[in-house]
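>>> okay, predicted coordinates and the sequence, questions at the end:
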Amino acid sequence: MTLSSNISQTLVANLDQDGTRKTLRHQIVVIGGGAAGITVTAQLLNRNPGLDIAIIEPSAQHHYQPGWTLVGGGVFRLEDTTRDEKSLIPKGSTWIQDAVVTLDPDNNTVLTQDGVQIQYDYLVVCPGIQIDWHKVKGLPEALGKNGVTSNYRRDLTLYTRQLIKQDFTGGTAIFTYPNTPIKCGGAPQKIMYMADDSFKERSGVGINSRVLFCTAGASMFAVKAYSDSLDQVVARRGIEPRFHHNLVEIRGEAKEAVFDVTENSETRQVVIPYDMIHVVPPMSAPDFIKHSPLAVPNNPGGWVDVNKDTLRHNRYPNVFSIGDASSLPTSKTAAAVRGEAPTLVANLLAALQNQAPQSTYNGYTCCPLITGYNSTIMAEFDYSNRPLSSFLMDPTKERWSMWLVKKYMLPRLYWERMLKGKPFEGELLKPLQGVIGYRAKP
């Protein structure tokens, strides 16, 4: 069935009884009210308060997802990672509390779940990532019991905490990483190191643990300099890395995990019993993007097909995208959004003036790799996988100071500066300049 017929059927199905349909129009439509959507909208309005911008976002709550690992580790309270979406919508923009179901870029229109057509001059696509729990057989039914958990679902962060602090009484603990891009590539390891700390702390009461890191990848991390450091961390801790292991099934009652193991171009299945398992499920772009002309052609992930330098769509010049749903070849983190947003804003404003793109994104991202309670590797890098550092120190080393940045500074920067469209270089960072050598941008 063609896209046009899909759109037509959806339109007919959502017609009111009198045959009319509500139609809205905005100069700029932003799909998604998460970190990317709020940040871009705030920066656009800071540059030009006269812009007509609408944000389409169905959720009434906004979550600081980088904090969920720390909730699972018993460091943060769950309620401190959530705020009302209404309180974060930038002043001067319009919030449409609805979900997009169909994209029609040939007609500059999106269709919402409530049957509203929204027309635009420019579109910014940043709805976040889709968690594909169903792609691991038995996983949806197993979650939240029999030792199966995941910090990628908000409510399960408390079960993770319960397991690593109390319920796990010894045996094998598995932490997985799938064969797809995921948001926050370091998260599968962060909780593992905190869990290992907890298990060792409780060893005096009879906890005897074996920790496995089962990853579909070929190394501990995509950037070699940081991967080398993590090799040392797991060796010191006695954690067993299992590379080329992709989780395909959870047998909840039997407490068995089934992996496809690929070696020398051949794949075999391996079953590993567990007493606890933290699962990172496969992820992809939301289905409404996958089934639209905006997706990368013939790509199963369905990512929005954008130029990696300008963040502009490769076929629709009035469409831009950043964040987890984009095709940008960098880690999907809030820090990446912080680097991407100014480029998108500059280039969209230039497009409004019929000008060529004015800014280039270099792929900057950051992944604070928690390596235990009180230590973090602040992994910053760009498209070239070259280590970078915002601090006057070697970024590949574990540091207590970077733990303090992760725990105390980054949440404040997220809520108080990033989501308000402000640069990080400001009052909140002044204390860092003298304490841990923050390298402020000129």
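Done, it's in.
>>> right, and the helix or strand after the lengthiest helix in the chain?
Ranked by residue count under DSSP state H, the longest helix found in the chain is helix 334-352. If you walk from helix 334-352 toward the C-terminus, the next helix or strand you reach (DSSP states H and E) is strand 365-372.
>>> got the angle between the longest helix of the chain and strand 365-372?
Using axes from the mean of the first three to the mean of the last three C-alpha atoms, to 10 degrees, one finds that helix 334-352 and strand 365-372 are set 170 degrees apart in direction.
>>> which other helices and strands contact helix 334-352?
helix 35-47, strand 117-125, strand 319-321, strand 365-372 (3 or more C-beta pairs under 8 Å, 6 or more residues apart in numbering; DSSP states H and E). Backbone N, C-alpha and C define where each C-beta goes, glycine included.
>>> most packed of the ones you listed?
Comparing the helices and strands packed on helix 334-352 on average neighbours per residue, with mean count of other C-beta atoms under 10 Å, the densest one is strand 319-321 at a mean of 27.
>>> can you list contacts of that one?
Contacts with strand 319-321, where a contact means C-beta atoms under 8 Å, 6 or more residues apart in numbering, come from 105, 122-126, 294, 304, 306, 311-313, 327, 344, 347-348.
>>> just how off-centre is it within its chain?
Between the mean C-alpha location of strand 319-321 and the chain-wide mean there is a distance of 18 Å, by C-alpha atoms, centre = their mean, to the nearest Å.
>>> model confidence over that strand, on average?
Model confidence over strand 319-321, given as mean pLDDT, is 98.
>>> same question for stretch 116-128.
Throughout stretch 116-128, pLDDT has a mean value of 98.
>>> which of the helices and strands packed on helix 334-352 sits closest to residue 204?
Nearest to residue 204 among the helices and strands packed on helix 334-352 is strand 365-372 (17.9 Å), distances taken as C-beta to C-beta.
>>> now do that closest one: which elements does it pack against?
Using 3+ C-beta pairs under 8 Å, 6+ apart as the contact criterion, the neighbours of strand 365-372 among helices and strands are helix 187-201, helix 224-237, helix 334-352, strand 375-381.
>>> list just the one of these that sits closest to residue 280.
helix 187-201 (4.6 Å).
>>> listing partners with orientation, what would you give for the following helix or strand past the closest one?
Using DSSP H and E, the next helix or strand after helix 187-201 towards the C-terminus is strand 209-215. For strand 209-215, sheet partners with direction are given as strand 171-177 (parallel), strand 240-242 (parallel), following DSSP bridges.
>>> pick the most deeply packed of the ones you listed.
Each of these was assessed for mean neighbour count using mean count of other C-beta under 10 Å. The highest is strand 171-177, with a mean of 22.
>>> other residues contacting that strand?
When contacts are taken as C-beta under 8 Å, 6+ apart, the neighbours of strand 171-177 outside the stretch itself are 188-189, 191-192, 195, 199, 208-217, 245, 247, 257, 272-280.
>>> could you check the angle that strand makes with helix 187-201?
Computed by the same axes, to 10 degrees, the angle between strand 171-177 and helix 187-201 is 160 degrees.
>>> just how off-centre is strand 171-177 within its chain?
From the chain centre to the centre of strand 171-177 is a distance of 22 Å (C-alpha atoms, centre = their mean).
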